[in-house]
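Trainee: Next one to model:
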Amino acid sequence: SLLEVSPTNASNDLLCQATKLSSALTSGLFCGPVPASAEVSDSSSSDPKHRVAPRMFKHVIGHDHVDFKTGQQQDAAQYFQYLLEKLDRAELGAGERLKSKDGSDSVLTTSHLFSYKTESRLVCETDQLIKYKETPAETMLSLRIPMSKATTPDVEMPDLKKQKSEESGEEDKEKKVVPTVTFEACLDEWSASTSIDDLRWPHLQNSISNATTRSRFVNFPRYLLVHMQRYEIGDDWQPRKIEVNIDVPEEISLQELKGTGPQEGEKLVPEETEGGGEATSAPAAPTIDEGALGQLMDMGFTMNGCKRALTAVGGSNVEAAMNWVFEHSTDPDFNDPLPEGGAGAQESASSDSGVDEGVVMSLVENLGCFTVDQVRAAVKHCAGAADRAADWLFSHMDDLDGAIAALESSATASASSEPKSKTPLEDGEGKYSLVGLVSHIGKNTGSGHYVAHLKKDGNWVIFNDEKVALSKDPPVQHAYMYLFQRNGTAGSPHPAY
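Mentor: Down below sits the predicted model:
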């Protein structure tokens, strides 16, 4: 049983605390409804008989995290992903305490309910060959809000508004007009073809060529959690909320966004040979452009340092090489000659870490305020998702190095202790119904207040700290996160749970 732990270990046992909280919320044994005879004039009654305060659950989740162990406001999307990671590690390491109902050794983790993979279709600009690549499983779909597709409602003419205010004797207070973007436009932005500059192609002898890419779903999970990127970096380099309404329908269909894999007639990039061969054992170092090398040396840097910089960024990009120089000029080997094989060892290490260096360098150039190592750590933590990596970087700017150190220590511990789940991801028809949302009240993720809404028996219910009540007008247009459930899965839990 998940509760079979010693009293001294119970407070720090995640599965025990999660089971206790689930039982408290669903069984009615720990917290019953407010009786009709009770005084309910104060809806925020602090009577412990009518509320559940999961303090121990919160502690066991965040006690070893640099941000979540504090009492400060944190980002709900990041907290949810961290919660799933903690649950996965606990479930995979539970052993006899948590067995699959079908008797198999494979453990079905909580994250499987939300997990999906995407298929990337890369087209090389040089020879038009196509490469298909599946990303690691993700648990949250992060959507950028395309403000270029926003529409604004019609407003009254200023003269008419002034006349009305004068007639009513009120001051002319101009109401702010909030634009609206459709949820479909956000999905179109995510699924549209985009360009990638300076991508290295092994089939072209490791030379650089631009490419176009697009993403599609490999599977449709039971629950799809959608995160709206409602925050941007302001002129003061602080995150600020984008004032926009999102027009989200109650029912959505993603069937057209299902990946199809290689199609008949497509010319594919040759598959790389695994393990062996002189040609694939270490990628060749890029050719260093002599003109670019001269420009860098004219700025006062040594030849070896300039060669290292150009090798790291592909051989010819002076601006990117300059950024690399500023970041690595204090390295002890900055002025040393390049080792044999040039960037081979570095490129091999990057591929071993599972990080797409094209994504890393693109973020470094576009964001402009983070080092390559910081961006690489964020991309690795976010399973290669560039948008999520950017959000993670900006939300940890107060102590970025400490956050990265915590990630590395956590990843090392988890990699050496728990096995990976081999259970196939769920799939079905890509039709979903909106069943929940999380809204944020405040100017940025570091302050304000979160409120949740869930649909129960066709009605919306608000969860605001201790207050739980029916909601007649849920703030669907203003939500930060949306929870969709795949049609046909309600009332039919996974048989292995």
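Trainee: how about the strands in the stretch 51-200 of the chain?
Mentor: 118-124, 130-134, 141-144, 180-182, 194-201 (DSSP state E, counting those that start in this stretch).
Trainee: With distance to residue 63 added, can I get those strands in CSV?
Mentor: The way it works is simple: take the backbone N, C-alpha and C, and place the C-beta from them, glycine included. Formatted as CSV, the strands of the stretch 51-200 of the chain follow (distance: least, C-beta to C-beta, whole Å):
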stretch, distance to residue 63
strand 118-124, 33
strand 130-134, 35
strand 141-144, 27
strand 180-182, 39
strand 194-201, 40
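Trainee: For residue 299, which of those strands is the nearest?
Mentor: Between residue 299 and the strands of the stretch 51-200 of the chain, the tightest spacing by C-beta to C-beta is seen for strand 194-201, at 21.6 Å.
Trainee: what sits up against stretch 249-269?
Mentor: Outside stretch 249-269, the residues that touch it by C-beta atoms under 8 Å, 6 or more residues apart in numbering are 118-119, 122, 124, 128-132, 183, 187, 191, 201, 203, 216-218, 220, 224, 429-434, 484.
Trainee: returning to that earlier point: take the strands of the stretch 51-200 of the chain and lay them out in CSV including distance to residue 152, mean pLDDT and mean neighbour count.
Mentor: CSV is the format used below for these (distance: least, C-beta to C-beta, whole Å; pLDDT from 0 to 100; neighbours: other C-beta atoms under 10 Å):
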stretch, distance to residue 152, mean pLDDT, mean neighbour count
strand 118-124, 33, 93, 19
strand 130-134, 39, 91, 16
strand 141-144, 19, 92, 20
strand 180-182, 7, 95, 18
strand 194-201, 27, 84, 17
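Trainee: out of these, nearest to residue 75?
Mentor: Of all these, strand 141-144 sits nearest to residue 75, with 11.8 Å by C-beta to C-beta.
Trainee: could you dump the closest one to PDB, C-alpha only?
Mentor: In PDB, the C-alpha atoms belonging to strand 141-144 read as follows (Å, rounded to 0.1, in the frame of the first residue of the first chain):
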ATOM      1  CA  LEU A 141       1.500  22.500 -25.000                       C
ATOM      2  CA  SER A 142       2.900  26.000 -24.900                       C
ATOM      3  CA  LEU A 143       1.300  28.400 -27.400                       C
ATOM      4  CA  ARG A 144       2.600  31.800 -28.400                       C
END
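Trainee: Within the sheet, what are the partner strands of that strand, with directions?
Mentor: According to DSSP bridges, strand 141-144 forms sheet pairs with strand 223-229 (parallel).
Trainee: Which residue would you name as the spatial centre of the chain?
Mentor: Centroid check for the chain by C-alpha atoms, centre = their mean gives residue 388 as the closest residue, at 3.8 Å.
Trainee: per-residue confidence at the residue nearest to it when sequence neighbours are not counted?
Mentor: Leaving aside its sequence neighbours, residue 388 sits nearest to residue 382 (C-beta to C-beta, 6 or more residues apart in numbering; 3.9 Å). pLDDT, residue 382: 74.
Trainee: Which residues are in contact with residue 382?
Mentor: Contacts of residue 382 (C-beta under 8 Å, 6+ apart): 388-389, 392.
Trainee: okay, these in TSV with secondary structure, pLDDT and distance to residue 145 next?
Mentor: Putting those into TSV (DSSP: H, G, I helix; E, B strand; the rest coil; pLDDT from 0 to 100; distance: C-beta to C-beta, whole Å) gives the following:
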residue	secondary structure	pLDDT	distance to residue 145
388	helix	70	15
389	helix	79	18
392	helix	79	18
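Trainee: Make a markdown table out of the residues you listed and add distance to residue 83.
Mentor: A markdown table is the format used below for the contacts of residue 382 (distance: C-beta to C-beta, whole Å):
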| residue | distance to residue 83 |
| --- | --- |
| 388 | 15 |
| 389 | 19 |
| 392 | 15 |
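Trainee: Could you count how many residues lie near residue 375?
Mentor: Using other C-beta atoms under 10 Å, residue 375 has 24 other residues around it.
Trainee: Oh, that last question was meant for residue 464, not what I typed.
Mentor: 16.
Trainee: what's near enough to touch the spatially closest residue to it that is not a sequence neighbour?
Mentor: The spatially closest residue to residue 464, leaving aside those adjacent along the chain, is residue 451, at 4.9 Å (C-beta to C-beta, 6+ apart). Residues counted as contacts of residue 451 (C-beta under 8 Å, 6+ apart) are 438-439, 441, 462-464, 475.
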